[in-house]
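Q: Sequence first, predicted model second:
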Amino acid sequence: MQPVSNNTGGLYYLDAPDGTGKKFIISLILATIRSEQKIELALASSGIAPTLLEGGRTAHSKTVEVLAKLIPRSLNYSKEAKKPKTMQLPQRLLNLEANLEEITN
Ligand SMILES: Nc1ncnc2c1ncn2[C@@H]1O[C@H](COP(=O)(O)OP(=O)(O)OP(=O)(O)O)[C@@H](O)[C@H]1O
């Protein structure tokens, strides 16, 4: 939770044998972030994984479209400074099914 609290972000890979609590720990992370009224998107590349978590979504072109709309709207431009004053982005884009190839590329 430290990278979320400190807004530092990061890439973390959770790998463990079947039935050892991966979904359990991800659900806890999701619930904790959402309880702080922060934005969390849980994404997966295939159909079944996102259905296992609260608010999970399949990461496909529709998701990218939604993000593209969401990001400019979340910018609050200062007319004088001509640069973004505040930017509210999801605290975490949680990819539920990243494989090693996707991570290393
Ligand atoms: N820390 C925990 N305390 C109590 N129960 C737990 C804990 N972690 C996991 N469990 C329970 O163990 C079972 C398996 O956990 P979970 O489904 O999260 O594992 P998984 O690693 O995601 O499984 P899979 O690899 O099959 O998808 C669930 O019934 C879950 O509620």
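A: Yep, that arrived. Residues are numbered from 1 along each chain as shown.

Q: Can you tell me how far residue 28 is from the ligand?
A: Applying CB to the nearest ligand atom, to the nearest Å, the value for residue 28 to the ligand is 8 Å. Just so you know, the C-beta spots here come from the backbone N, C-alpha and C atoms, and that holds for glycine as well.

Q: what helix or strand does that residue sit in?
A: Secondary structure from DSSP states H and E places residue 28 in helix 22-35.

Q: before we move on, what about residue 37?
A: Using DSSP H and E, residue 37 sits in no helix or strand.

Q: Based on its surroundings, how many neighbours for it?
A: 6 (other CB atoms under 10 Å).

Q: cool, and residue 3?
A: 13.

Q: where's the closest residue to it other than its chain neighbours, which helix or strand?
A: Distance criterion CB to CB, 6 or more residues apart in numbering; nearest residue to residue 3, sequence neighbours excluded, is residue 10 at 4.6 Å. Counting by DSSP H and E, there is no helix or strand that carries residue 10.

Q: Kindly report the same for the one 5 residues further on.
A: Secondary-structure element containing residue 15, defined by DSSP H and E: none, the residue being outside all helices and strands.

Q: pLDDT wise, what is the residue in the chain that the ligand sits nearest to at?
A: Nearest to the ligand in the chain, going by CB to the nearest ligand atom, is residue 21, at a distance of 2.9 Å. For residue 21, the pLDDT comes out at 92.

Q: for the spatially closest residue to residue 9 that is not a sequence neighbour, helix, strand, or coil?
A: Closest residue in space to residue 9, ignoring its immediate chain neighbours: residue 3 at 5.6 Å, by CB to CB, 6+ apart. Following DSSP: H, G, I helix; E, B strand; the rest coil, residue 3 is assigned to helix.

Q: in the chain, what spans have low per-residue confidence?
A: The chain contains residues with pLDDT under 70 at 60-105.
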